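> structure of the sequence below:
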Amino acid sequence: MNGTIDGAPLGFTHDVCRMPETSQATLMAHFMSNSFMSYEVPVDIMKKTLIICGSAEVEFLEWHETAREQHEPLGYIFEICLNVEDVITAYKTHKPDFVIYDCHGGIDETSKQTFLWLDKEKLTGEIITKNNLSSPLVFISACGTSPSYGLYNSIANSFFEAGAISVTATYLPILVNSGSLLYMRVMTKLNEAATKGHHSNWLNFISHVIRTAPIFEAHQHADIEIEKERAAVTDNLAESMIFSKRRKVFNELDKVITLKNSKSVGRFSKLVPEYLFYTNLGRSDLVYFSEWKNKNKVT
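Here you go, the predicted structure:
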């Protein structure tokens, strides 16, 4: 994702699906499941969305409060689950279509498997498959849950085994603040995406939210008047949705941030953006938004 094409990072210019780095048999299993199992993002996806907060640490608590405050106006389900039993109960109670995990992640150096921390308990792949803890869509806001090159058995594989179609996970450690802010942006954008049909599929939507996170950050670094900044952000976001204009947006932002902040040269290109930390596993390009299909008369 850090490779560049004509000076712009692949993660910024393209929506990328990553197939699991496992055996050919596993890839064939994914192909077969995608062939026989289909899922469309419904208009009411918000009420079928579950955020699981799995840490009681101080740095998480502020974001827990934000998530709790927004769950009623936005319509999603919010649960604090500090052990495995809480997670199992949450799945059985709510039967979610989309689950977000907000917690710490880890790697077991003995088994070479990644896992999620629920306070002091581990949510492992074995627990996920045994209890069928999955949903069509999964987003993991936790450190290093799907590192590259198949050196570790990613917990994402267990979600797929339990029935997921798309899992967004992380290559590397992420900051609590940036990770929490990103998944809250997913929440604020999801209702609009589901009801207005702006995005064709789940890959397009998730990639857009991850790609545009550094656009907001870049404008925060710049010395731009508030009204002009809002207009500039709006224009950049709109153009970033058009594949043919993304390289232009990237290059223009680099020039704008450099000009507006004389202490920084090439500020935008020097930011470490979210699309270098997150990976979209599975075939989220096959998960269409039902309203987009209806709007564009696609059968």
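
> Glu109 and Pro73: what is the separation?
43 Å (Cβ to Cβ, to the nearest Å). Every residue, glycine included, has its C-beta placed from N, CA and C.

> before we move on, what about Ser141?
From Ser141 over to Pro73 (counting by Cβ to Cβ), the distance is 21 Å.

> between these two, which is the more surrounded one?
Ser141 (29 against 9; other Cβ atoms under 10 Å).

> got a pLDDT number for Ile52?
pLDDT for Ile52: 97.

> just the helices from the chain, written as ranges.
Counting by DSSP state H, the chain has helices at residues 10-13, 24-36, 58-74, 84-94, 125-130, 155-161, 176-196, 202-221, 226-240, 246-260, 267-270, 290-295.

> model confidence over the last one, on average?
To tie it back to what came earlier, the one meant is helix 290-295. Rounded mean pLDDT across helix 290-295 is 95.

> next up, the contacts around Val87.
The contact partners of Val87, by Cβ atoms under 8 Å, 6 or more residues apart in numbering, come to 52, 54, 81, 118, 123, 133.

> columns distance to Arg247 on top of the residues you listed, output as a markdown table?
Below are these laid out as a markdown table (distance: Cβ to Cβ, whole Å):
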| residue | distance to Arg247 |
| --- | --- |
| Ile52 | 37 |
| Gly54 | 38 |
| Cys81 | 42 |
| Leu118 | 42 |
| Leu123 | 40 |
| Leu133 | 40 |
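
> in strands only, show me those residues.
52, 118, 123 (DSSP state E).

> now flag whichever of the residues you listed is closest to Ser244.
The closest of those to Ser244 turns out to be Ile52 (Cβ to Cβ; 38.1 Å).

> circling back to that earlier point, and the helices of the chain, which one's lowest on average pLDDT?
Looking at the helices of the chain, the weakest mean confidence is helix 24-36, a mean of 59.

> of all the ones in strands among the contacts of Val87, which comes closest to Cys103?
Leu118 (6.4 Å).

> give me the beta-bridge partners of the closest one?
Going by DSSP bridges, Leu118 is paired in beta bridges with Glu121.

> backbone dihedrals for Phe277, both of them.
When read as degrees, to the nearest 10, the backbone of Phe277 gives phi -110, psi -30.

> what is the burial count for it?
Look at Phe277: counted by other Cβ under 10 Å, it has 22 neighbours.

> might one say that it is in contact with Ile174?
Yes. Shown here, Phe277 and Ile174 form a contact pair, counting by Cβ atoms under 8 Å, at 5.3 Å.

> domain-wise, how is the protein divided?
4-198+278-295, 203-274 (automatic domain parsing).

> just name the most buried of those domains.
domain 4-198+278-295 (a mean of 18; mean count of other Cβ atoms under 10 Å).

> now do the end-to-end distance for that one.
Start to finish, the residues bounding domain 4-198+278-295 are 35 Å apart (Cα to Cα, to the nearest Å).

> can you give me the neighbour number for Val298?
Count around Val298 with other Cβ under 10 Å applied: 10.

> distance of it relative to Gly197?
According to Cβ to Cβ, Val298 and Gly197 sit 10 Å apart.

> what residues are shared contacts of the two?
Common neighbours of Val298 and Gly197 (Cβ under 8 Å, 6+ apart) are Trp292.

> circling back to that earlier point, now for the contacts of Val87, which pair is the farthest apart?
Gly54 and Leu133 (12.6 Å).

> residues shared between the contacts of those two?
Joint contacts of Gly54 and Leu133 (Cβ under 8 Å, 6+ apart) are 87, 123.
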